[in-house]
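Trainee: Got a predicted structure plus its sequence, pasted below:
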Amino acid sequence: MNRLDVKTSKLHIVATALLGLFFVPIGLLLIINGRFGIGLLALVMFVVVFLLVRRGHRKTVRYFSDEKLVRNDGKSFAWADLNRVVNQIRTRPGTNKKALWRTEIQFNGGEAAWLIPLKVSNYPEVRDFVRSLPCEHTEVNV
């Protein structure tokens with residue numbers, strides 16, 4: 001393997017942009033019309049959603065190569081610094097069904113790269129690669 005690209009969906013970015021097209025004008029209109037609290041709340045809610053989506057996108061893996069892993073924010077991590085792989089499992093509310101929420105590939109120094117299965121179209125291929133990484137593999141309930 002020279003390079004394995006992680007094919008992520010751009011739906012969350014498009015949805016956030018559409019949300020902004022709604023919340024920003026409505027928030028500003030409410031502020032202009034004297035409903036300062038509600039308008040400010042709408043703008044703050046959009047900013048929080050935007051920052052969460054941006055953080056998730058930046059920490060997601062862009063590609064794997066023989067030498068390193070590269071995230072969407074451009075940071076790269078050498079395999080020599082690999083610490084462990086943590087599968088974060090979430091129990092669905094009202095049931096006992098467990099589902100993989102996110103896989104964190106952790107490196108020395110506290111840095112990590114994320115894989116979110118529902119956003120990766122080539123997840124089976126990526127999952128097989130991650131399972132073959134020579135490090136500790138653990139599961140954590142979140």
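Mentor: Happy to help now that I have it. Everything numeric in this text was worked out from a predicted model, so none of it was measured.
Trainee: Helix or strand: which one has residue 25?
Mentor: Secondary structure assignment for residue 25, by DSSP states H and E: helix 11-32.
Trainee: And that helix, what does it pack against?
Mentor: helix 36-59 (3 or more C-beta pairs under 8 Å, 6 or more residues apart in numbering; DSSP states H and E). Any C-beta I mention is one placed from the backbone N, CA and C, and that applies to glycine too.
Trainee: what comes up buried for the very next helix or strand once past the helix it packs on?
Mentor: With elements assigned by DSSP H and E, the helix or strand that comes after helix 36-59 is strand 61-65. For strand 61-65, the neighbour count (16 or more other C-beta atoms under 10 Å) marks 61, 62, 63, 64 as buried.
Trainee: can you check stretch 18-33 too?
Mentor: In stretch 18-33, counting by 16+ other C-beta under 10 Å, buried: 23, 27, 30, 31.
Trainee: give me every residue that touches residue 135.
Mentor: Listed by C-beta atoms under 8 Å, 6 or more residues apart in numbering, the contact set of residue 135 reads 82, 83, 84, 85.
Trainee: Where strands are concerned, which of those count?
Mentor: 82, 83, 84, 85 (DSSP state E).
Trainee: among the residues you listed, which ones are buried?
Mentor: Using 16+ other C-beta under 10 Å, the buried members of the ones in strands among the contacts of residue 135 are 82, 83, 85.
Trainee: Closest to residue 54 out of those?
Mentor: For these, the residue nearest residue 54 by C-beta to C-beta is residue 85; the value is 24.1 Å.
Trainee: Pretty sure that closest one sits against residue 137.
Mentor: Yes: the pair residue 85 / residue 137 is scored as a contact, 4.8 Å apart, by C-beta atoms under 8 Å.
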